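>>> Build me a model:
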Amino acid sequence: MSKILITCAVTGSIHTPSMSPYLPVTPAEISDQAHGAAEAGAAILHLHARNPVTGQPSAREEDFMSFLPQLKQASDAVLNLSTGGSAVMTLDDRLAAPRRVEPEMCSLNMGSMNFALYPAAARISEWRHDWEQPFLENSDDLVFKNTPRDIARILTELGVERGARFEFECYDVGHLYMLKHFVDRGLVQKPLFIQFVFGVLGGMGTDPENLMHMKVIADKLFGDDYMFSVLAAGRQQMPLITMAAAMGGHVRVGLEDSLMISRGVLAKDNAEQVRKIRRIVEDLGREVASPDEARDMLGLKGADRTAI
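The predicted structure follows:
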């Protein structure tokens, strides 16, 4: 098997500060936790920004730039900027920071979908900020929009024009066929790095059979021209990504995907999750890839060709 890529999604835009005191929200917290995750073995850092006062998901360039330069200086990890942001953001909002910083890598959600976060609101009894409860509860009437036109724009503006490669986030099997459509249109470069996403209400559940099916269809569509990684939101994070590692795939952890380190125990930082999955995959006989090895495997342009 190839060396394994560990991605760490540091803060995301799903969890809110009331859910965990360890969720990084300030620039210093995001930078420090991202650096710690890289030191623990994460070759790729999947990055969102937040309002440093309220912790609300942010697409503002200044909120990204409040931690990206420091992080680039402190770490050689691949900095992977989200183009998904949050379902409440416009596409122009979501693309503002990636267009400015021209990163090596961006995430790309391969379709529009329900992104239902509202069940989490019932588990919170005390709210730290006024925005959190309506943000979660109103997701019962919210669609994350990434139409084929949106996807083509992202691929063109960030990929063709700025040289970024992509973490293709596929929340359902239909997203694989959408990705194949853009491969056929010539807007996607190989090798593909496909993130199978499980556990978000509106996408696939964390059933092992879903992972097997996604792998079968991806093999059929892309042959040897792709690598797959797995993220599982919530409590099935570690079991499902361990299965992925045993299948020859790659893995993603981080407080964006799960706030826990074990049943009922909050992770104190992102590095704790990275260290745990690193122990697991090394026990399976997999060797963890360094950031420079990740760049070679994914065909990235290099950190020196970004605007960070």
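
>>> Buried ones in the host helix or strand of D296, by neighbour count?
For D296, the element it lies in under DSSP states H and E is helix 291-298. For helix 291-298, burial by neighbour count (16 or more other C-beta atoms under 10 Å) applies to 291, 294-295, 297-298. Every residue, glycine included, has its C-beta placed from N, CA and C.

>>> Need these in CSV (columns: pLDDT and distance to G55).
CSV is the format used below for the buried residues of helix 291-298 (pLDDT from 0 to 100; distance: C-beta to C-beta, whole Å):
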residue, pLDDT, distance to G55
P291, 98, 28
A294, 98, 29
R295, 98, 32
M297, 97, 34
L298, 98, 31
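
>>> what's the distance between the spatially closest residue to R162 that is not a sequence neighbour and F196?
If you skip the residues right next to it in sequence, R162 has E102 as its closest partner in space, 4.5 Å away by C-beta to C-beta, 6 or more residues apart in numbering. According to C-beta to C-beta, to the nearest Å, E102 and F196 sit 27 Å apart.

>>> follow-up on the earlier one: now find how far off-centre the helix holding D296 is within its chain.
17 Å (C-alpha atoms, centre = their mean, to the nearest Å).

>>> CA-only coordinates of it in CSV, if you can.
Output of helix 291-298 as CSV, limited to C-alpha atoms (Å, rounded to 0.1, in the frame of the first residue of the first chain):
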residue,chain,number,x,y,z
PRO,A,291,3.8,17.1,3.7
ASP,A,292,6.3,17.0,0.9
GLU,A,293,5.3,13.4,0.1
ALA,A,294,1.7,14.5,0.1
ARG,A,295,2.6,17.2,-2.4
ASP,A,296,4.2,14.6,-4.7
MET,A,297,1.3,12.2,-4.4
LEU,A,298,-1.3,14.9,-5.1
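
>>> helices and strands around that helix, which ones?
strand 78-81 (3 or more C-beta pairs under 8 Å, 6 or more residues apart in numbering; DSSP states H and E).

>>> Go through the very next helix or strand once past the strand it packs on and flag the buried ones.
Following strand 78-81 in sequence order, the next helix or strand is helix 91-101 (DSSP H and E). Residues of helix 91-101 classed as buried by neighbour count (16+ other C-beta under 10 Å): 91, 94-99, 101.
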